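Student: just coords:
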C-alpha cells in the first residue's frame with residue numbers, strides 16, 4: 001500500500017517566511033503537507049485560472065491552526081484543527097499563520113493549477129525580493 005511522509009515526499013517547496021509544502025504523487029493523487037507562516041490571501045496566485053480561482057477538488061485534514069477558502073459566491077469557509085474537509089472547484093485559499101494541513105488533490109487537477117500558480121508565485125517573489133528554493137532573488 002503506498003504511503004508518504006515529509007521525509008519521503010518527492011518534492012519540497014519553500015516560500016521562505018510564507019509557507020512550506022511537501023508533495024508526492026500517490027496513484028492518481030497529489031498529496032500535499034503544508035505549513036503556513038503568515039496570514040495571506042492567496043487569490044493573486046490564481047490570476048489567469050478560470051474566474052481567477054482554483055479549479056481543483058481537494059480532500060484533507062487540518063492538523064493545527066486554521067485556513068479558509070473564499071468560494072465563487074464570496075462566502076468564506078474556515079477549517080480548523082481537527083476538521084476534515086472537501087473543497088470543490090471555484091475557490092481561493094486564505095492562509096493563516098500556524099496552520100498545518102494535509103490535502104489530497106486529483107493529480108491532473110493539481111498539475112493544471114500548478115501551471116497557473118507558479119508564474120504568479122515567481123512574480124510575487126521577484127516583486128518582494130524573496131529567494132525561492134532554487135531561485136535567485138532579484139532584489
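Tutor: Thanks, I have the structure now. Nothing here was measured: the structure is a model prediction, and the numbers come from that model.
Student: so residue 92 bridges to which residues?
Tutor: Applying DSSP bridges to residue 92 yields these beta-bridge partners: residue 70.
Student: what about residue 35, distance to residue 11?
Tutor: Distance of residue 35 to residue 11, computed by C-beta to C-beta, to the nearest Å: 15 Å. Any C-beta I mention is one placed from the backbone N, CA and C, and that applies to glycine too.
Student: With neighbour numbers in mind, choose between those two.
Tutor: The neighbour comparison of residue 35 against residue 11 (other C-beta atoms under 10 Å) goes to residue 35, with 19 against 12.
Student: Do you have the helices of the chain handy? List them.
Tutor: 107-127 (DSSP state H).
Student: any weak-confidence spans in it?
Tutor: Where the chain drops to pLDDT under 70, the residues are 133-139.
Student: spatially speaking, which residue is in the middle of it?
Tutor: residue 34 (7.0 Å; C-alpha atoms, centre = their mean).
Student: Identify the bridge partners of it.
Tutor: residue 21, residue 101.
Student: Would you check that it makes contact with residue 98?
Tutor: No: if you go by C-beta atoms under 8 Å, residue 34 and residue 98 don't touch, sitting 11.9 Å apart.
Student: Give the intersection of the neighbour lists for the two.
Tutor: The contact sets of residue 34 and residue 98 do not overlap (C-beta atoms under 8 Å, 6 or more residues apart in numbering).
Student: ok, the closest residue to residue 111 other than its chain neighbours - how many residues close by?
Tutor: For residue 111, ignoring the flanking residues on the chain, the nearest one in space by C-beta to C-beta, 6 or more residues apart in numbering is residue 30 at 7.7 Å. Look at residue 30: counted by other C-beta under 10 Å, it has 22 neighbours.
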